[in-house]
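> Following is a predicted model, sequence given first.
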Amino acid sequence: MILTIDVGNTNVKVAVFKQFNIIDTFVFQKNNFQNNFQIIFKKHPNHTKAVLASVSMLDEMDSLWLKNQIEVIEINPDSVFPFKNKYTTPTTLGVDRMVLASGAVFHYPNQDVLIIDAGTCVTYDFVTHKKEYLGGAISPGLRLRYKALNDYTAKLPLLESNSPENFIGNSTDHSIHSGVVNGLCYEIEGFISEFSVKKEQFTIILTGGDAIFLANRLKSTIFADENFLLKSLHQLYTYSLQND
């Protein structure tokens, strides 16, 4: 069994693969890293390797502990990728975005693809049918928007993500939900509309922790898969074995 591990800004996501299929997934906060992996290893004792991508620094003790438990293959900017990177500052491109771009090439070959990853940040990444990564955009995700309203104002409360009851909020809480959720949905639709001017036909992938929450509120036709990065990690590992 192969584990794929996505260490994000807030959470750690893990998928357990048996051959090419996900048989289990886990999501937990980084501050309980070792205990959660002990649960995973106990439930799936036949693990052999872990493929890891990290956008934030993993605690050194946690990293050493994990490497003592299982062979870890860490994806980094020097890894083998299936696309031509046309980013003007390639060394600053997050490894998560590189993995997502790889997944777009693997899952949708010969197609123009827009990948939207809705997590702590929302990233937009565009890959052409020629397997060229062009770049995209980065903006605050849902939780950051809620937190910013609380952090940078005197009286606005910190709320959890929730569907707006109405477009026009009739209370402070409802107004915050309307502004944050509808605002992000309008932003996503705007990016999709802008890309459609450049490319008449392209595939849209929505992934990340807030993918399902947002997918039901968007008008555009999208493929929503909150585990797309974990799947792409597994495919990238297979690709690297074949092109090493």
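Arrived safely, thanks for sending. Numbers count the residues shown, from 1 in each chain.
> Look up which helix or strand the residue sitting furthest away from the middle of the chain falls in, please.
Ranked by distance from the centre of the chain (C-alpha atoms, centre = their mean), the top residue is N170, with 33.4 Å. Using DSSP states H and E, N170 is not contained in any helix or strand.
> and the gap between it and P45?
Relative to P45, N170 is positioned 54 Å away (C-beta to C-beta, to the nearest Å). Glycine gets a C-beta too; all of them are placed from N, C-alpha and C.
> And for M57?
29 Å.
> Check L159 too.
Here the criterion is C-beta to C-beta. By it, L159 lies 41 Å from P45.
> The two: who's more crowded?
Higher neighbour count among L159 and P45: L159, with 16 against 8, using other C-beta atoms under 10 Å.
> Contacts only, for that one.
By C-beta atoms under 8 Å, 6 or more residues apart in numbering, the residues touching L159 are Y146, N150, D173, I176, H177.
> change it to 7 Å
Counting by C-beta atoms under 7 Å, 6 or more residues apart in numbering, L159 touches Y146, D173, I176, H177.
> Equivalent analysis for W65, please.
Q34.
> That one falls within a strand, correct?
No - using DSSP: H, G, I helix; E, B strand; the rest coil, the assignment for W65 is helix, not a strand.
> ok, which stretches of the chain are strands?
2-7, 11-18, 21-29, 49-54, 71-74, 84-85, 113-118, 121-127, 132-140, 203-207, 223-224 (DSSP state E).
> Any chance of these in TSV with distance to A101 and mean neighbour count as columns?
TSV is the format used below for those (distance: least, C-beta to C-beta, whole Å; neighbours: other C-beta atoms under 10 Å):
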stretch	distance to A101	mean neighbour count
strand 2-7	15	24
strand 11-18	18	19
strand 21-29	20	13
strand 49-54	12	22
strand 71-74	18	14
strand 84-85	8	14
strand 113-118	7	25
strand 121-127	5	22
strand 132-140	5	17
strand 203-207	11	22
strand 223-224	15	18
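> residue contacts, the residue nearest in space to the middle of the chain?
Centrality entry for the chain: nearest residue to the mean C-alpha point is G208, 4.0 Å, by C-alpha atoms, centre = their mean. By C-beta under 7 Å, 6+ apart, the residues touching G208 are D117, A118, G119, E226.
> and what of G94?
For G94, the contacting residues are V55, by C-beta under 7 Å, 6+ apart.
> give me that answer again for 10 Å
Taking C-beta atoms under 10 Å, 6 or more residues apart in numbering, we find G94 in contact with A53, S54, V55, S56, P77, L100, D117, C121, T123, D125, I138.
> Next one: the fifth one from Y237, what distance?
The spacing between P77 and Y237, counted by C-beta to C-beta, is 16 Å.
> Which one of those two is surrounded by more residues?
The neighbour count for P77 versus Y237, taken as other C-beta under 10 Å, is higher for Y237 (18 against 13).
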